[in-house]
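In: Attaching a predicted model along with its sequence, questions to come.
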Amino acid sequence: LSSMEDLWLYKNNLDGSIPTEIGKMIHLETLYLNDTSLTGPIPTELGLLQNANSISLEMNQLTGDLPTELANLEDTLTYFYIAHNNLNNGTVPSVICESIGSLSSVDSDICNCHESCYCDTHCEEEKAEERL
């Protein structure tokens, strides 16, 4: 599994959390675990996926904070989708947005995103309401 480049398990009825062993898949470029009923926190080991350019974890039951270790993906990650989870409502940690300069899209329902991050329409609408 350490040589796998793409892992697409979306829309499966998986149980439990994302295994920490995922960090051993060092050649992984694409990780799609969206809409799979996963629970628990996003493992810090995702920050070990130095070749990852697209990660989709949206539409699960993930909880907790975004691990700051995701900032380790600064040279490769361009798409990061985490909307529709039970993550702590707050901020996308600025260390993630500042470090990942190539990040094209952050689809998140975590609002108050750092200026250099793009958040989904929900966050943009909420920001507009705050300005009124």
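Out: Alright, I've got the coordinates. Numbers count the residues shown, from 1 in each chain.
In: Give me the buried positions along stretch 15-28.
Out: 17-18, 22-23, 25, 28 (16 or more other Cβ atoms under 10 Å). C-beta coordinates here come from the backbone N, C-alpha and C atoms, glycine included.
In: Quick one: mean pLDDT for that stretch?
Out: Confidence for stretch 15-28, expressed as mean pLDDT, is 94.
In: now stretch 42-57
Out: 94.
In: Export only the CA atoms of that stretch, formatted as CSV.
Out: Extracted in CSV, the C-alpha atoms of stretch 42-57 (Å, rounded to 0.1, in the frame of the first residue of the first chain):
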residue,chain,number,x,y,z
ILE,A,42,-8.8,14.1,11.2
PRO,A,43,-5.5,12.4,12.0
THR,A,44,-2.4,14.5,12.2
GLU,A,45,-0.7,11.8,10.1
LEU,A,46,-2.3,13.3,7.0
GLY,A,47,0.5,15.9,7.2
LEU,A,48,2.9,13.1,6.2
LEU,A,49,1.3,12.7,2.8
GLN,A,50,4.0,14.8,1.1
ASN,A,51,2.7,14.0,-2.4
ALA,A,52,-1.0,14.7,-1.8
ASN,A,53,-2.5,17.3,-4.1
SER,A,54,-6.2,16.6,-3.5
ILE,A,55,-7.8,15.5,-0.2
SER,A,56,-11.6,15.2,0.2
LEU,A,57,-13.1,14.4,3.6
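In: Nearest to Met59, out of the buried residues of stretch 15-28: which one, please.
Out: Proximity of these to Met59 (Cβ to Cβ) peaks at Ile18, which lies at 13.8 Å.
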